[in-house]
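*Asks:* predicted model and sequence follow; I will ask about them next.
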Amino acid sequence: MATPDQKSPNVLLQNLCCRILGKSEADAAQQFQYAVRVIGSNFAPTVERDEFLVAEKIKKELVRQRREADAALFSELHRKLHSQGVLKNKWSILYLLLSLSEDPRKQPNKVSSYATLFAQALPRDAHSTPYYYARPQSLPLNYQDRNTQSAQSSGSMGSSGISSISMYALNGPTPTPQSLLPGQSYQTTGVGDCFRQQLGSRLAWTLTANQPSLQTATSKGLPNTVSRNVTRLRRDADTSGAIEITEAALVRDILYVFQGIDGKYIKMSNSENCYKVEGKANLTRSLRDTTIRLAELGWLHNKIRKYTDQRSLDRAFGLVGQLLCCLHQELKEYYRLLSVLHSQLQLEDDQGVNLGLESSLTLRRLLVWTYDPKIRLKTLAALVDHCQGRKGGELASAVHAYTKTGDPYMRSLVQHILSLVSHPVLNFLYRWIYDGELEDTYHEFFVASDPTVKTDRLWHDKYTLRKSMIPSFITMDQSRKVLLIGKSINFLHQVCHDQTPTAKMIAVTKSAESPKDAADLFTDLENAFQGKIDAAYFETSKYLLDVLNKKYSLLEHMQAMRRYLLLGQGDFIRHLMDLLKPELVRPATTLYQHNLTGILETAVRATNAQFDSPEILKRLDVRLLEVSPGDTGWDVFSLDYHVDGPIATVFTRECMSHYLRVFNFLWRAKRMEYILTDIRKGHMCNAKLLKNMPEFSGVLHQCHILASEMVHFIHQMQYYITFEVLECSWDELWNKVQQAQDLDHIIAAHEVFLDTIISRCLLDSDSRVLLNQLRAVFDQIIELQNAQDAIYRAALEELQRRLQFEEKKKQNKIEGQWGITAAEEEEEEKRIREFEESIPKMCSQLRILTHFYQGIVQQFLVLLTTSSDESLRFLSFRLDFNEHYKAREPRLRMSLGTRGRRSSHM
């Protein structure tokens, strides 16, 4: 009785090889190893798709059954069927008829000769099912030994004797190959891997089908040594636990993986985040690599579906994000392909078509058919990665970035997605520029609204740009115009109370009603889209400026600011100073605003200001600043101009505070001019009165010299402020306002005007030292006025006493008395001596005042020479045109060019 080892498939296979080749176990070792590799391969049996061969097989089968008449009838019917084009897959029909004619329960005939076993055809019932016989799990193979001989057998795999067997035809077995006859060399030229695959599969099926008989036939004469070796091979293979997987099973698994579903052998590895074939699977490297490449589609599909499923439930993701979640609609072509593949697989199952035919599903064919879908899924997955954490216009920018590619297929796909994603953005945009409405619940639009802002700050603060949400296909200039269009519409409605319909302001064009409209718009961003934005921008801005100028007199109010707050109305300012002088010399705490307001109205009625519009005059008012200890009325008085409504958008609180600072500076400078005018007037009047006091001429001369220096300084400063600063800046402002295309241009020009005045009038932070020096000069002018008033007061009092003494002498003479007594004469001389003794003190006071004044002016000039403003450097030249101060200050003894170079290095 045969032992279990003698009945094992390995022992039987080795015995079979020895019987076929007529060699001993040692001589047939190489053929035995090759047979083991063939049986252990993953290739399934194949059938040649040849209609003629199947028809010949049917006729031969009918002849074998002695049905020659049926064979002739079949030949005639096949000829007629071939001439008609009704059926397309005629081979499939013939093969089905052949398969149905055979009895699957019929046992296959035994082989008449073991030499023809390798050429024996597969039983027909193996061809009638879509599932293929694989190597039995009870047939262990020693893969370790197989690997050790891979270097030797790699060359023989394509040129072995078995591979030289011709393809088996369906009409019967083929002759025994010469390479397998006894005495022939093992190394011969092969004909290809396909023949080897077919033959190996047939041999595997034949061995499993005839295993009992072969075991019985070969178990008796097997040497013990061979039996032990084969047994060891089997045991080693059993311990490895390898699983044989056919390509058909892989194809079926791959179709499930394509849908993101784990297959039987291909499963998702969460640790590595990829699909992997089971480690125990017995697959060649090429099959494993091909499977992994195909499984990438499932991973990409899962990535896209996970993103869309999660985001579709997140309302905070916004309307743009919700449309991006429609990416799964982009998978329709992919799903259609999967449907076709499933249908074909089901058709093959129903018709019994095996792997290897042109129409059957193989991993290689799947790799080719899924090439384009894979590119599409990769693009979508890249978009998903790039769009993480983005929404609204930022998300549209992320999608738009992928349109900059040279691949037309990828670009068309991304452009289609971009048209879907940007559709809500364009709807927001058209609703904003044509209706002024902003319904951005999820903050996706690049125009943001702050509902807490009041109406008076609507233009400045309520609407702003979210720069992160500006799509990359919309330029910054376009986004600024979009903001201005909607802001202008809301400004007209809410601030100007102009309820004119938008359709009358601008010609409303068709908006992006569908993603297709958005896609059409993207094809012509530089023309069609730009044209819509520009048309709405120009028409809306023009209408707004017309309303401000005609209904609210914006330009007239701007000119009124220039005339009254910037002291442009000369006759009014001079007359106002004359009227206010008695009031403003008093302490600031004693002033009353209603008294000053009355004086202001008097000055208006007495000058050309009376011809201004009542709307302007009623806004002109008096304002008293905060009082500090020791302040006079000159220090706290200021004019004010009330603004409200739409014009307050241009003349904001910040602008009015700048006007107030400039007015105080100009008012103080104008007061210095007024004081020096009074000083010069006092010189002219008192010089004649005091000509009889020759001892006082030195004091008068010093006063005149110092006053002249101050007059020159103030005149140059007034010229600089009035002409170089105010008039030039005003001319630039007026030109810009006349050319302004929107309200923002007017506001910007006005702010530049104020900034220029603030800077050049030394009121900015960079000119604080210069301003302090200038105020010190102004203080010295006031000191001169006070000193001169005291000197003139003392001189006039002395002159009055002298005139009274002379008058008394004349009166006494007229009355016949002595002119004066000795005591009176002595008293008069004593008083004159005391006055003459006070004159040096007056001169000393004037010299001290002159010294301080000149020192301050010299320091002021030094600061001017090092200023970065060229106009201030030229001012220093005019202030010291005769180099009077340069002779006293070494730092001023450099050329004007050297001053400029020095200032550039500081």
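*Replies:* Sure thing, it's come through. Numbering: from 1, shown residues only.
*Asks:* then residue 884 would be within a strand, right?
*Replies:* No: secondary structure of residue 884 (DSSP: H, G, I helix; E, B strand; the rest coil): coil, not part of a strand.
*Asks:* burial measure for it, as a count.
*Replies:* The number of residues packed around residue 884, counting by other C-beta atoms under 10 Å, is 14. All C-beta atoms are positioned from the backbone trio N, CA, C, and that covers glycine.
*Asks:* any idea how far it is from residue 14?
*Replies:* Distance of residue 884 to residue 14, given as C-beta to C-beta, to the nearest Å: 128 Å.
*Asks:* also residue 275?
*Replies:* The gap separating residue 275 from residue 14 is 40 Å, by C-beta to C-beta.
*Asks:* now do residue 371
*Replies:* As defined by C-beta to C-beta, residue 371 lies at a distance of 45 Å from residue 14.
*Asks:* the two: who's more crowded?
*Replies:* Neighbour count, other C-beta under 10 Å: between residue 371 and residue 14, residue 14 has more, with 27 against 9.
*Asks:* helix or strand: which one has that one?
*Replies:* helix 9-21 (DSSP states H and E).
*Asks:* off-centre distance for that helix?
*Replies:* 74 Å (C-alpha atoms, centre = their mean, to the nearest Å).
*Asks:* pLDDT score assigned to the residue of the chain most remote from its centre?
*Replies:* Taking C-alpha atoms, centre = their mean, the residue of the chain most remote from its mean C-alpha position is residue 816, at 110.8 Å. Residue 816 carries a pLDDT value of 73.
*Asks:* and it, that one's in a helix?
*Replies:* No: counting by three-state DSSP, residue 816 is not found in a helix; it is coil.
*Asks:* any idea how far it is from residue 642?
*Replies:* Distance from residue 816 to residue 642, by C-beta to C-beta: 75 Å.
*Asks:* residue 542 now?
*Replies:* Residue 542 is 28 Å from residue 642, by C-beta to C-beta.
*Asks:* same question for residue 502.
*Replies:* The value you get for residue 502 to residue 642, if C-beta to C-beta is used, is 32 Å.
*Asks:* what about the two, which has more around it?
*Replies:* residue 502 (20 against 11).
*Asks:* the more buried one contacts residue 489, doesn't it?
*Replies:* Yes: with contact defined as C-beta atoms under 8 Å, residue 502 reaches residue 489; the gap is 6.1 Å.
*Asks:* any common contacting residues for the two?
*Replies:* 435-436 (C-beta atoms under 8 Å, 6 or more residues apart in numbering).
*Asks:* now the strands for the stretch 551-700 of the chain?
*Replies:* For the stretch 551-700 of the chain, applying DSSP state E, counting those that start in this stretch gives strands covering 620-624, 637-641.
*Asks:* how about the ones you listed in TSV, adding mean neighbour count and mean pLDDT?
*Replies:* Listed next are these as TSV, based on neighbours: other C-beta atoms under 10 Å; pLDDT from 0 to 100:
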stretch	mean neighbour count	mean pLDDT
strand 620-624	17	94
strand 637-641	19	95
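*Asks:* turn these into TSV, columns for distance to residue 284.
*Replies:* Shown next, in TSV, are the strands of the stretch 551-700 of the chain (distance: least, C-beta to C-beta, whole Å):
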stretch	distance to residue 284
strand 620-624	96
strand 637-641	92
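*Asks:* to residue 762, which of these lies closest?
*Replies:* Across these, residue 762 has its closest neighbour in strand 637-641 (18.7 Å, C-beta to C-beta).
*Asks:* give the other helices and strands that that closest one contacts.
*Replies:* strand 620-624, helix 653-689 (3 or more C-beta pairs under 8 Å, 6 or more residues apart in numbering; DSSP states H and E).
*Asks:* one more pass at 6 Å, please.
*Replies:* Applying 3 or more C-beta pairs under 6 Å, 6 or more residues apart in numbering; DSSP states H and E, we find strand 637-641 packed against strand 620-624.
*Asks:* what does the strand it packs on contact?
*Replies:* Residues outside strand 620-624 that contact it (C-beta atoms under 6 Å, 6 or more residues apart in numbering): 564, 593, 596-597, 600, 636, 638, 640.
*Asks:* show me the contacts for residue 600.
*Replies:* residue 622.
*Asks:* do the same with residue 554
*Replies:* Contact analysis of residue 554 by C-beta under 6 Å, 6+ apart lists 548, 647.
*Asks:* recalculate using a threshold of 10 Å.
*Replies:* With contact set as C-beta atoms under 10 Å, 6 or more residues apart in numbering, residue 554 has these partners: 545, 547-548, 646-647, 649-651, 737, 743, 746.
*Asks:* which strands and helices sit next to the helix or strand hosting residue 714?
*Replies:* Applying DSSP H and E as the criterion places residue 714 in helix 697-719. Under the contact definition 3 or more C-beta pairs under 10 Å, 6 or more residues apart in numbering; DSSP states H and E, helix 697-719 sits against helix 653-689, helix 768-814, helix 822-865, helix 870-879.
*Asks:* a markdown table for those, including mean neighbour count?
*Replies:* As requested, the helices and strands packed on helix 697-719 are exported to a markdown table (neighbours: other C-beta atoms under 10 Å):
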| stretch | mean neighbour count |
| --- | --- |
| helix 653-689 | 17 |
| helix 768-814 | 16 |
| helix 822-865 | 15 |
| helix 870-879 | 17 |
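*Asks:* could I get these as JSON lines with distance to residue 528?
*Replies:* Putting the helices and strands packed on helix 697-719 into JSON lines (distance: least, C-beta to C-beta, whole Å) gives the following:
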{"stretch": "helix 653-689", "distance to residue 528": "40"}
{"stretch": "helix 768-814", "distance to residue 528": "54"}
{"stretch": "helix 822-865", "distance to residue 528": "57"}
{"stretch": "helix 870-879", "distance to residue 528": "48"}
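*Asks:* understood, closing this out.
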